[in-house]
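Participant: Give me a model of this one.
(one chain, ligands or ions: 1)
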Amino acid sequence: MAQFNYDESKVPAYKLPPLLQLNDGSPVKDAATWKKKRRDEVLELFRSEVYGRRPGRPEALRFEVTRKDEPALGGKASRREVRVHFTAAENGPAMNMLLYLPAKDRGPVPTFLGLNFRGNPTISKDPGITLRKGDKESDRGGSAGRWQADMIVGRGYALATIWYGDIEPDDKRNAFSRGIHKVYGPADKIPADGWGSIAAWGWGLSRALDYFETIDEIDHKRVAVIGHSRLGKTSLWAGAEDERFALVISNDSGCGGAALSRRAFGETVKRINTSFPHWFCDNFNKYNGRESDLPVDQHMLIALMAPRPVYVASAAKDRWADPRGEYLSAKNADPVYRLLGTEGLPADRMPPIDKPSMGRIGYHIRSGGHDVTAFDWKAYLDFADKHLKTP
Ligand code: GCU
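Facilitator: Here you go, the predicted structure:
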């Protein structure tokens, strides 16, 4: 089997594992059985076979405001920087969070939280964001289009972001010996169901939420977790592991994220495990070229968010991430949302390009390529208004 495929006619015939059936074969007919039994079973399967098990909140976790609130974004926001220390050590592992609070809205406000790829200074041209060692003035705002900070605070939301490399370097050779993993044990002692880097990054997002629980400006019960691409895989897994996240957004997350593995369209399980062996747990390798042996598929990951609102977004030219497979995951999670008494995904077919479909599950396929754009953000804000702003 090739390691990737762009030909729809070569998508193998497949049958998705049943969502509404317990491991012992009995049907899940009511919300209570989903909540008390089936959800745990599905979560366990993803832990042991896909992402790996992660630790809980560290006892020594603490928060240090490293830069007090100052006006930013032309007065539309106030900026704060916070270091989240994972251990008691003064110079030990920590992540640096950048936080924009909307100036005109009195808290507690709903918030978007997401990891960034290239460092906090890249998310806005704001000259007040602290540069890290090695950062250049010219790095400022390099990824601003992907964050749309002005639009977000203008609509009454806070925005919080952290460079994902603070939690763990995205490095297939040294990730586990240099990142948060090493706090929990030696890199060569990680079991086959031990956490990979996606689980580690998601764990960091939960630590950001721990901070929100300690402050009044943010409503920690209205936090939307968002991520793009590998960080979209991360936001989904973070939302599955931590039900405190009120809303979950996957932007172009593809293989190991929102896309159905069994379609093996675009990137495949074998390909992703080969290129990025540190992202998932070792057990995931069992399914290289054998997607149909997986006890789960990614529609079950989307269903783990239920009944919380979840949004899956694709881009038309992003065939590597399999837009159709992303849509089908969202659609196949719909029965769980309905069982829990909420609307699922209204679109019975893949919606036309640039026409979002928004129920309790949202989906769109945007024109253009693998990216996060103003169009995507506008949809996420509309979706958040619908679900987080109504009393
Ligand atoms: C690679 C990888 C994808 C991933 C993407 C990204 O293309 O194959 O799985 O989503 O990087 O994170 O940008």
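Participant: For the residue positioned nearest the centre of the chain, which non-adjacent residue is closest in space?
Facilitator: A centroid search over the chain (C-alpha atoms, centre = their mean) returns Ser235, at 0.9 Å, as the residue closest to the centre. Closest residue in space to Ser235, ignoring its immediate chain neighbours: Gly227 at 3.4 Å, by C-beta to C-beta, 6 or more residues apart in numbering. (Glycine included, C-beta is placed from N, CA and C.)
Participant: Near the one you found, how many other residues are there?
Facilitator: Close neighbours of Gly227, defined as other C-beta atoms under 10 Å, add up to 32.
Participant: I'd assumed Ser253 was in contact with it.
Facilitator: Yes: using C-beta atoms under 8 Å, Gly227 is in contact with Ser253, at 7.1 Å.
Participant: hey, what's in contact with both of these two?
Facilitator: Taking C-beta atoms under 8 Å, 6 or more residues apart in numbering as the contact rule, Gly227 and Ser253 both touch 233, 235-236.
Participant: where exactly do the helices run in the chain?
Facilitator: 31-33, 39-46, 149-154, 175-178, 197-212, 230-241, 269-275, 298-303, 323-339, 374-388 (DSSP state H).
Participant: Now do the shortest one, average pLDDT.
Facilitator: Meaning helix 31-33. Across helix 31-33, the average pLDDT comes to 98.
Participant: Give me the distance from it to the chain's centre.
Facilitator: Centroid displacement of helix 31-33 relative to its chain, using C-alpha atoms, centre = their mean, to the nearest Å, is 26 Å.
Participant: Show me which residues of stretch 111-120 are buried.
Facilitator: 111-117, 119-120 (16 or more other C-beta atoms under 10 Å).
Participant: ok, Asp348 - contacts?
Facilitator: Taking C-beta under 8 Å, 6+ apart as the test, what Asp348 contacts is Lys331.
Participant: Can you give me the distance of it to the ligand?
Facilitator: Per C-beta to the nearest ligand atom, to the nearest Å, Asp348 is found 27 Å from the ligand.
Participant: Ala259 too?
Facilitator: For Ala259, the distance to the ligand equals 9 Å [C-beta to the nearest ligand atom].
Participant: what sits against that residue?
Facilitator: Residues near Ala259 by C-beta under 8 Å, 6+ apart: 253, 265-266, 298, 321-322, 325-326, 329.
Participant: One more pass at 7 Å, please.
Facilitator: 298, 321-322, 325-326, 329 (C-beta atoms under 7 Å, 6 or more residues apart in numbering).
Participant: Among the residues you listed, which one sits closest to the ligand?
Facilitator: Closest approach to the ligand among these (C-beta to the nearest ligand atom): Ala321, at 6.4 Å.
Participant: Nearest spatial neighbour of the closest one, chain-adjacent residues omitted?
Facilitator: Gly254 (2.9 Å).
Participant: Looking at that neighbour now. What's its pLDDT?
Facilitator: Looking at Gly254, its pLDDT reads 98.
Participant: Now do the contacts for it.
Facilitator: 229, 266-267, 320-322.
Participant: Need these in TSV (columns: distance to the ligand and pLDDT).
Facilitator: Output for those, formatted as TSV (distance: C-beta to the nearest ligand atom, whole Å; pLDDT from 0 to 100):
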residue	distance to the ligand	pLDDT
Ser229	3	98
Gly266	9	98
Glu267	5	98
Trp320	6	98
Ala321	6	98
Asp322	10	98
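Participant: Most neighbours of all these, which one?
Facilitator: Asp322 (29 neighbours).
Participant: Run through the residues that contact that one.
Facilitator: Counting by C-beta under 7 Å, 6+ apart, Asp322 touches 254, 259, 263, 265-266.
Participant: Rounded mean pLDDT for stretch 324-344, please.
Facilitator: Stretch 324-344 comes out at a mean pLDDT of 98.
Participant: before we move on, what about stretch 38-52?
Facilitator: For stretch 38-52, the mean confidence score works out to 98.
Participant: swap in stretch 148-157?
Facilitator: 98.
Participant: Now do the buried residues in it.
Facilitator: Using 16+ other C-beta under 10 Å as the burial criterion, the residues of stretch 148-157 that qualify are 148-150, 152-153, 155, 157.
Participant: now, which of the contacts of Gly254 sits nearest Val42?
Facilitator: Closest approach between the contacts of Gly254 and Val42, by C-beta to C-beta: Asp322, at 21.3 Å.
Participant: what about the residue of the stretch 51-200 of the chain found nearest the ligand, distance to Ser229?
Facilitator: The nearest approach of the stretch 51-200 of the chain to the ligand comes at Phe117, 7.8 Å away (C-beta to the nearest ligand atom). Distance, Phe117 to Ser229, by C-beta to C-beta, to the nearest Å: 8 Å.
Participant: repeat for Gly165
Facilitator: Plainly put, Gly165 is 15 Å away from Ser229 if you go by C-beta to C-beta.
Participant: try Thr373
Facilitator: 13 Å.
Participant: and of the shared contacts of Gly227 and Ser253, the nearest to the ligand?
Facilitator: Using C-beta to the nearest ligand atom, the shared contacts of Gly227 and Ser253 come closest to the ligand at Lys233, 6.6 Å.
Participant: Could I get the contacting residues of the closest one?
Facilitator: Neighbouring residues of Lys233 by C-beta under 7 Å, 6+ apart: 198, 253, 256-257.
Participant: which of those sit farthest apart?
Facilitator: Taking C-beta to C-beta, no two of the contacts of Lys233 sit farther apart than Ile198 and Ser253, at 10.2 Å.
Participant: Quick check: beta-bridge partners of Gln21?
Facilitator: Pro27 (DSSP bridges).
Participant: these two touch, right, it and Val28?
Facilitator: Yes: Gln21 lies in contact with Val28 (C-beta atoms under 7 Å); the separation is 6.3 Å.
Participant: Between those two, which is the more surrounded one?
Facilitator: Counted by other C-beta under 10 Å, Gln21 and Val28 do not tie: Val28 has more neighbours, with 21 against 13.
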